[in-house]
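Colleague: The following block contains a protein sequence and its predicted model.
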Amino acid sequence: MATVMESRNRSTVTEFILLGFPSDTGTQVALFLLFSVVYVVLLAANIILILAVTFDHHLHNPMYFFLINLSIINIGNPSVIVPKMLMDFLNKSIVFSACVTQMFLHFAMGGSECLLLVFMAYDRYVAICKPLHYSRIMNRSVCALMATVTWLTSFVMPSLSIFIISEITFCGSNIINHFLCSFPSLMLLSCSDTSALDFLPFLVGATILLVPLLLILFSYYKIISSIKGIQSRRYKAFSSCTPHLIVVFLFYGMAVVSFMRPNASVEDDSSKGVSVFYVIITPLLNPMIYSLRNKDVIRALRKLMRLP
């Protein structure tokens, strides 16, 4: 009898409630409008950059090929989160399957950007340290292979997390104090014994974030070593690498703070703020970073918009 009652009390959760940004009605309206405008601008900025690079044959080289892939990620990752976040101002519920799908795609897009930034760093290393062999090393087949590895690998990486989520039980509370579904937030709501999995977010974060970051830093160490003492190459290397370095700093800075800080599974207002910057602001800034000081991109944008 006790077992039957316990089974009834531990009914399986089929949907979750994303609290998002609880506040008064006026603030809710203001946030809805703000996030809507930022999302539209984000989409427009990245789509325009993709079109500018695509239709300007002068930009058909590996660096801008990777930039197109980065812009696709900058569109895809926010599109997994923001539409639902905007809907949460009206309806905060999300069914289990949609929650898991959102988590999978968000994880996959983040992994894609990690790997892509590594290949972009390698591209800069070859361009600066081995300029005479650049076209041979970074040929079209190699770039296509790098892009394929980026996308395929990143969509395989979340599989373990999805398998774990599908095997555990959810009952009792179904309230997620966030605007997105994540592995730590779902673990907090599980009725299963997940103590053995407490290390998993840190382990995954260390693998997906720190290993690519170390590879990027090694690439730039080799670049700095090769241009040391050669004044004429410093400015060219600096101007070529600065946008990538800024993007790396923004992405990894926010990702490390979000996923590898102490008590990363604790959901509070600070974690939401970091996630907003990571999910929305960084993808908005990336096309601007690559456009503002890049004469080739500015020329392509002017040509696309038929400006003098």
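Modeller: Nice, thanks for sending it over. Numbers count the residues shown, from 1 in each chain.

Colleague: Go through stretch 140-150 and flag the buried ones.
Modeller: 143, 146-147, 150 (16 or more other Cβ atoms under 10 Å). To be clear about C-beta, it is placed using only N, CA and C from the backbone, and glycine gets the same treatment.

Colleague: same question, stretch 66-83
Modeller: Here stretch 66-83 shows 66-82 as buried, counting by 16+ other Cβ under 10 Å.

Colleague: tell me which element the residue nearest to the spatial centre of the chain falls in.
Modeller: Central residue of the chain (Cα atoms, centre = their mean): residue 110, 3.5 Å from the mean position. Using DSSP states H and E, residue 110 falls within helix 96-129.

Colleague: any residues touching the next helix or strand after that helix, and which ones?
Modeller: Reading on from helix 96-129 to the C-terminus, the next helix or strand found by DSSP H and E is helix 134-137. With Cβ atoms under 8 Å, 6 or more residues apart in numbering as the test, helix 134-137 has contacts from 126-127, 130.

Colleague: following helix 134-137, which helix or strand comes up?
Modeller: Counting by DSSP H and E, the next helix or strand C-terminal to helix 134-137 is helix 140-156.

Colleague: sec struct for residue 20, please.
Modeller: State at residue 20, reduced to three classes by DSSP: H, G, I helix; E, B strand; the rest coil: coil.

Colleague: What is the burial count for it?
Modeller: Residue 20 has 21 neighbouring residues, counting by other Cβ atoms under 10 Å.

Colleague: same thing with residue 49?
Modeller: Using other Cβ under 10 Å, residue 49 has 25 other residues around it.

Colleague: sec struct for it, please.
Modeller: Strictly by three-state DSSP, residue 49 counts as helix.

Colleague: tell me which element the closest residue in space to it that isn't next to it in sequence is part of?
Modeller: Excluding its sequence neighbours, the residue lying closest to residue 49 (Cβ to Cβ, 6 or more residues apart in numbering) is residue 287, at 4.3 Å. Here residue 287 sits within helix 282-292, counting by DSSP H and E.

Colleague: Grab the CA positions of that helix and hand them over as PDB.
Modeller: Extracted in PDB, the C-alpha atoms of helix 282-292 (Å, rounded to 0.1, in the frame of the first residue of the first chain):
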ATOM      1  CA  THR A 282      27.600  38.100 -28.200                       C
ATOM      2  CA  PRO A 283      26.000  36.900 -31.500                       C
ATOM      3  CA  LEU A 284      24.900  40.500 -32.000                       C
ATOM      4  CA  LEU A 285      28.400  41.900 -31.500                       C
ATOM      5  CA  ASN A 286      30.200  39.400 -33.600                       C
ATOM      6  CA  PRO A 287      29.200  40.700 -37.100                       C
ATOM      7  CA  MET A 288      29.900  44.200 -35.900                       C
ATOM      8  CA  ILE A 289      33.400  43.300 -34.600                       C
ATOM      9  CA  TYR A 290      34.300  41.700 -38.000                       C
ATOM     10  CA  SER A 291      32.700  44.600 -40.000                       C
ATOM     11  CA  LEU A 292      33.700  47.900 -38.300                       C
END
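
Colleague: doesn't residue 73 make contact with residue 105?
Modeller: No. Taking contacts as Cβ atoms under 8 Å, residue 105 lies outside contact range of residue 73: 11.1 Å.

Colleague: Show me the shaky parts of the stretch 1-150 of the chain.
Modeller: For the stretch 1-150 of the chain, the stretches flagged by pLDDT under 70 are 1-11.

Colleague: Now do residue 244 against residue 44, distance only.
Modeller: Distance of residue 244 to residue 44, given as Cβ to Cβ, to the nearest Å: 23 Å.

Colleague: quick one: low-confidence parts of the stretch 201-308 of the chain?
Modeller: 201, 229-235, 259-270, 293, 307-308.

Colleague: quick one: what helix or strand has residue 17 in it?
Modeller: strand 15-18.

Colleague: Who does that strand pair with, and is each partner parallel or antiparallel?
Modeller: Counting by DSSP bridges, the strands paired with strand 15-18 are strand 93-95 (antiparallel), strand 175-176 (parallel).
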